[in-house]
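Visitor: Just to be clear, the model below is a prediction. Sequence and coordinates:
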Amino acid sequence: MEKSFVINLFGLNFDMVGIIGSTLMAAAVLFICIWLSRKVELRPNKRQNVMEYLLDFTNGIVKDNVEDVDAQKHLSLYAFTLFLFIWFMNQLGMFLEIRVDEFMIIKSPTADPVATMTFAMMTLLLSFTFGVQKFGVGGYLRNYSAPVGFLLPINVIEEFTNFLTLSLRLYGNIYAGEVLLTLIGNRLATSYGLPTMILAAPLAMIWQGFSVFIGSIQAYVFVTLSMVYIGKKVTKE
Amino acid sequence: MEFQTLFAASHHIYIGNAIWYLVVFAILMLLVKHYAWGPVSDMMEKRRQKVIEDLDSAADNRKKAEVLANEREAALKNSRQEATQILSDAKANAQKTSDKIVADANADASSIRKQAEEDAKRAKAEALDDARGQVADISVAIAEKVIAKNLSAEDQKDLVDQFIKGLND
């Protein structure tokens, strides 16, 4: 069984795997963003083009799912940062998994439900904020019984299911990817010596490539669904 | 129960991690906004504005050029018309002048001819008159000399008249 460093600070448990991974990836996102937009010009250079393509991509996600123009402007930065951050965290475990003895040091932070639930909760709270800002507290609460009153319990339950599906979809995909990668690398490769090791190498490669794909798709899906949930709160049904 | 299996890998719900993620995300968002997202989206907006402006000014310029071309064409047409007008005026003037000159010359010539005819007629009449007087005198003198004194001057004149009539016929 894998164990992780857990530090207890101020009565709170800190799991070092998630903390190291997320901090590293945040630094990577920041570094790449700064590197890509070091010289911002009216006539874009190559790096700026990459940056603008990314920005256009996330802005496209926002515009497709949020109809409110004012909310679109505020969500652009959120979607951009969230997408890059989650994408990097998804990819981290694909190429780097460090274990010292029994202790995990580095793996995807998003392979941990706490991380995905944090981001899902953030989105949920943000959607509440946008809803309240747009319609006021009364109007926001009234929207739960829209379009018809008897849908009220379903709409309330939907908040929880949205939260759970949003977080657990991401967690499940990345966690499963890492489990399979660990199985191929640790169990299959070492089971019968050299032949299985040779067999495991291309399998691991294929699965890693597929995991990169899954990680990208999941980052896209996470941001898209976040925008769908927020967009639903700022449009009158 | 479900949550226990869900968190089997981590044994605990790490609230500390959740706070850490939020803080890291917030800081990341602020820094990305300041260093990357802000400048790049500003520039994109600026470029969008510039493209709009350029398109507008291009449309404006095209309209202006169209107006200018129309004006020039009209001016060209005008000047061509003027030129033909001038040419036809000149032609008409020249025709008129030449007609006048010819008519003048004709009139002069006919008046000169008339004058000449009149002169000739008068000269002829004068000459005839002169000749008539002289012939009569001479013939009287001759007849006096030839017939001596029998013939009166009046008879003589009748005779000469008849003679001259004969000459005239």
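Guide: Okay, I see it.

Visitor: What's the mean pLDDT across stretch A:66-79?
Guide: What stretch A:66-79 shows for mean pLDDT is 82.

Visitor: If you could redo that for stretch B:129-144, that was the one I meant.
Guide: Averaged over stretch B:129-144, pLDDT sits at 80.

Visitor: hmm, who's touching it?
Guide: Identification of contacts with stretch B:129-144 by CB atoms under 8 Å, 6 or more residues apart in numbering or on different chains yields B:151, B:153, B:156-157, B:159-160, B:163-164. Using the backbone N, CA and C atoms, a C-beta is placed for each residue, glycine as well.

Visitor: Please spell out which residues along it are buried.
Guide: B:135-136, B:139-140, B:143 (16 or more other CB atoms under 10 Å in any protein chain shown).

Visitor: now swap in stretch A:134-150 and tell me
Guide: Neighbour-count burial for stretch A:134-150 flags A:134-135, A:140, A:143-144 (criterion: 16+ other CB under 10 Å).

Visitor: swap in stretch A:67-75?
Guide: Buried residues in stretch A:67-75 (16+ other CB under 10 Å): A:68, A:71-72, A:74-75.

Visitor: rewinding a little: quick one: least confident of the contacts of stretch B:129-144?
Guide: Out of the contacts of stretch B:129-144, that is residue B:151, at 64.

Visitor: what pLDDT, on average, does stretch B:56-67 get?
Guide: The pLDDT scores in stretch B:56-67 average 94.

Visitor: coming back round to it: can you tell me which of the buried residues of stretch A:134-150 lies closest to chain B?
Guide: The closest of the buried residues of stretch A:134-150 to chain B turns out to be residue A:134 (CB to the nearest CB; 21.5 Å).

Visitor: Count residues in the vicinity of residue A:47, would you?
Guide: 15 (other CB atoms under 10 Å in any protein chain shown).

Visitor: State which helix of the chain is the longest.
Guide: In the absence of a named chain, chain A is used. helix A:194-234 (DSSP state H).

Visitor: meant chain B actually
Guide: Longest helix in chain B, counting by DSSP H: helix B:38-147.

Visitor: Quick check: next helix or strand after that helix?
Guide: On the C-terminal side of helix B:38-147, the nearest following helix or strand under DSSP states H and E is helix B:153-168.

Visitor: buried stuff in that next one?
Guide: B:156, B:160, B:164.

Visitor: can you pull the contacts of the last one?
Guide: For residue B:164, the contacting residues are B:132, B:135, by CB under 8 Å, 6+ apart.

Visitor: residues in contact with residue B:43?
Guide: Taking CB under 8 Å, 6+ apart, one finds A:40-42, A:44, A:48 in contact with residue B:43.

Visitor: switch to 6 Å and redo it
Guide: residue A:40 (CB atoms under 6 Å, 6 or more residues apart in numbering or on different chains).

Visitor: Low-confidence bits of the chain, can you list those?
Guide: You didn't say which chain, so I picked chain A. A:1-9, A:11-13, A:96-105, A:237 (pLDDT under 70).

Visitor: wait, chain B
Guide: B:1-13, B:148-151, B:169.

Visitor: How about the residues of it by chain A?
Guide: Chain B comes close to chain A at residues B:6, B:12, B:14-18, B:20-21, B:24, B:28-29, B:31-33, B:35-37, B:39-40, B:43, B:47, as judged by CB under 6 Å from any CB of the partner chain.

Visitor: And whichever strand or helix holds residue A:30, what's buried?
Guide: Element membership for residue A:30 (DSSP H and E) is helix A:16-36. Neighbour-count burial for helix A:16-36 flags A:16-26, A:28-30, A:32-33, A:36 (criterion: 16+ other CB under 10 Å).

Visitor: got the residue ranges for the strands in chain A?
Guide: A:3-4, A:6-9, A:12-15, A:98-100, A:103-106 (DSSP state E).

Visitor: which residues are in contact with the helix holding residue A:30?
Guide: So helix A:16-36 is contacted by A:4-5, A:47, A:50-51, A:84-85, A:88-89, A:92, A:104, A:106, A:109, A:112, A:115, B:17, B:20-21, B:24, B:28, B:31-32, B:35-36 (CB under 6 Å, 6+ apart).

Visitor: Please indicate which of those are buried?
Guide: If we count by 16+ other CB under 10 Å, the contacts of helix A:16-36 have these buried: A:4, A:51, A:84-85, A:88-89, A:92, A:104, A:106, A:109, A:112, A:115, B:17, B:20-21, B:24, B:28, B:31-32, B:35-36.

Visitor: and of the contacts of stretch B:129-144, the nearest to chain A?
Guide: Among those, residue B:164 lies closest to chain A (CB to the nearest CB), at 126.3 Å.

Visitor: The longest helix of chain A close to chain B?
Guide: No: counting by CB under 6 Å from any CB, chain B has no neighbours in helix A:194-234; the shortest distance is 12.6 Å.

Visitor: Tell me which other helices or strands that helix touches.
Guide: helix A:46-65, helix A:69-95, helix A:113-142, helix A:152-182, helix A:189-191 (3 or more CB pairs under 6 Å, 6 or more residues apart in numbering or on different chains; DSSP states H and E).

Visitor: so that helix versus helix A:69-95, what angle?
Guide: 170 degrees (axes from the mean of the first three to the mean of the last three CA atoms, to 10 degrees).
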